[in-house]
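In: this is the structure alone, sequence omitted:
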């Protein structure tokens, strides 16, 4: 099996899986009904993408594991997602700001992935990009309304931006595996669109009367399995049923 | 998040919701349809959010491809009490229906 390709796919899948799981925590707790449904829809979009990607990963691995096995029977250090998607939801401003930063990056990532030499990833990107376009729109609109909103919403939103900023450099850190994928024309060089991402988010941030914090050291480690303390707790909830009742069927 | 935090934030939004989020009526046209049909209502801060919320709430199962949103406050409706004097007179004016014309077969269905 192509171990490198498997791991590269896993990175994209884990972003979708962990983020979908995190967002699903809002279900039933949204600030208003319409946003509850919007977040649940978004969560489902990501979980759907994760399912597709993990199915492909399982095929690539060829060890007889299913996508469910890969999702629910791995421990935290085997997950390859970016740190930002495993952070707690906190309040709505935090949730929207995280969505805003991530979706803007993911959109650019998928746009590049559409030129992948790998047929599956190419098709995946073409299909998924429509979902992400909506997430970008939705998050940006909320950034404007909360940022340029009441004193309370502005303060919360600025606070969220300040706290999340150090998790955004990881979007653009290209390691050995990325270099391999880029050389093979399979993967995406995120450094290539860093400036575009910055420009895109900055225009919304400015219109939302917010400011970006100064650039500083970026938190990292997600893609090599070094995660925050939050991931373990989330996996405990996510994987409890599959681990306590192995082989359970609905 | 602790339950208390969630409650406080929800309460805050509920208060805002009663004061600042108007009600909108939603109309959706299906892919093969000609007219926008009324499907329900929702709350939103403004027209753009109303469209997004309508997309999230009312088009989950591919119900449509076009959305109209109208502030409920902008819709005026006839009163049910006026039903008889507004609409009954039209009931017995058979000459208003174009049934006395003979349409040549070449024209087909009109």
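Out: Received, thanks. Since this is a predicted model, take the numbers as computed values, not measurements.
In: please tell me how far residue A:147 sits from chain B.
Out: Distance, residue A:147 to chain B, by CB to the nearest CB, to the nearest Å: 13 Å. All C-beta atoms are positioned from the backbone trio N, CA, C, and that covers glycine.
In: what does the model give the closest residue to that residue other than its chain neighbours for pLDDT?
Out: Spatially, and ignoring its direct neighbours in sequence, residue A:147 is nearest to residue A:208 (2.8 Å; CB to CB, 6 or more residues apart in numbering or on different chains). pLDDT for residue A:208: 97.
In: could you count how many residues lie near residue A:208?
Out: Each residue near residue A:208 was counted by other CB atoms under 10 Å in any protein chain shown, and the total is 22.
In: hang on, it packs against residue A:144?
Out: Yes - using CB atoms under 8 Å, residue A:208 is in contact with residue A:144, at 4.9 Å.
In: can you pull out the helices in chain B?
Out: Per DSSP state H, chain B has helices spanning B:3-20, B:47-58, B:83-87. These are given in chain order.
In: how far away is the residue in chain A sticking out farthest from the centre from chain B?
Out: In chain A, the greatest distance from the average C-alpha position (CA atoms, centre = their mean) is reached by residue A:151, at 29.3 Å. As defined by CB to the nearest CB, residue A:151 lies at a distance of 13 Å from chain B.
In: which residues does the residue nearest the centre of chain B bridge with?
Out: Taking CA atoms, centre = their mean, the centroid of chain B lies closest to residue B:38, which sits 3.1 Å from it. Beta-bridge partners recorded for residue B:38 (DSSP bridges): residue B:27.
In: so for it, what's the pLDDT?
Out: 96.
In: list the contacts for it?
Out: B:25, B:26, B:27 (CB atoms under 8 Å, 6 or more residues apart in numbering or on different chains).
In: and residue A:130, its phi and psi?
Out: phi -70, psi -40 (degrees, to the nearest 10).
In: can you report how many residues neighbour it?
Out: The local packing of residue A:130 (other CB under 10 Å) involves 10 other residues.
In: what about it, distance to residue B:29?
Out: 20 Å (CB to CB, to the nearest Å).
In: and residue B:62, by the same measure?
Out: 12 Å.
In: and these two? Which one has more around it.
Out: residue B:29 (16 against 8).
In: any weak-confidence spans in chain A?
Out: A:1 (pLDDT under 70).
In: go again with 50.
Out: Chain A contains no residues with pLDDT under 50.
In: one more: chain B?
Out: Along chain B, the parts satisfying pLDDT under 50 run over B:1, B:15-17.
In: repeat that with 70
Out: B:1-19, B:110.
In: can you tell me the distance between the two ends of stretch A:140-154?
Out: Start-to-end span of stretch A:140-154 (CA to CA, to the nearest Å) is 14 Å.
In: gap between that stretch and the chain center?
Out: Its chain's C-alpha centre and that of stretch A:140-154 lie 22 Å apart, by CA atoms, centre = their mean, to the nearest Å.
In: what does stretch A:144-163 give?
Out: Worked out by CA atoms, centre = their mean, stretch A:144-163 lies 22 Å from the chain centre.
In: would you mind pulling the contact partners of it?
Out: With CB under 8 Å, 6+ apart, stretch A:144-163 has contacts from A:90-94, A:96-98, A:143, A:204-205, A:207-213, B:12, B:45, B:49.
In: 6 Å instead, please
Out: For stretch A:144-163, the external contacting residues (CB atoms under 6 Å, 6 or more residues apart in numbering or on different chains) are A:93, A:94, A:97, A:207, A:208, A:209, A:210, A:213.
In: what about the residues you listed, which are in helices?
Out: Short answer: the contacts of stretch A:144-163 in helices (DSSP H) are A:93, A:94, A:97, A:207.
In: please enumerate the helices of chain A.
Out: Counting by DSSP H, the helices of chain A are A:3-24, A:33-61, A:67-72, A:92-113, A:119-147, A:151-164, A:176-183, A:194-207, A:229-244.
In: please produce CSV containing these, extended by distance to residue B:103.
Out: As requested, those are exported to CSV (distance: least, CB to CB, whole Å):
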stretch, distance to residue B:103
helix A:3-24, 60
helix A:33-61, 50
helix A:67-72, 62
helix A:92-113, 56
helix A:119-147, 47
helix A:151-164, 64
helix A:176-183, 69
helix A:194-207, 59
helix A:229-244, 68
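In: quick one on the thing from earlier: which residues sit in contact with the residue nearest to residue A:147?
Out: Contacts of residue A:208 (CB under 6 Å, 6+ apart): A:143, A:144, A:147, A:148.
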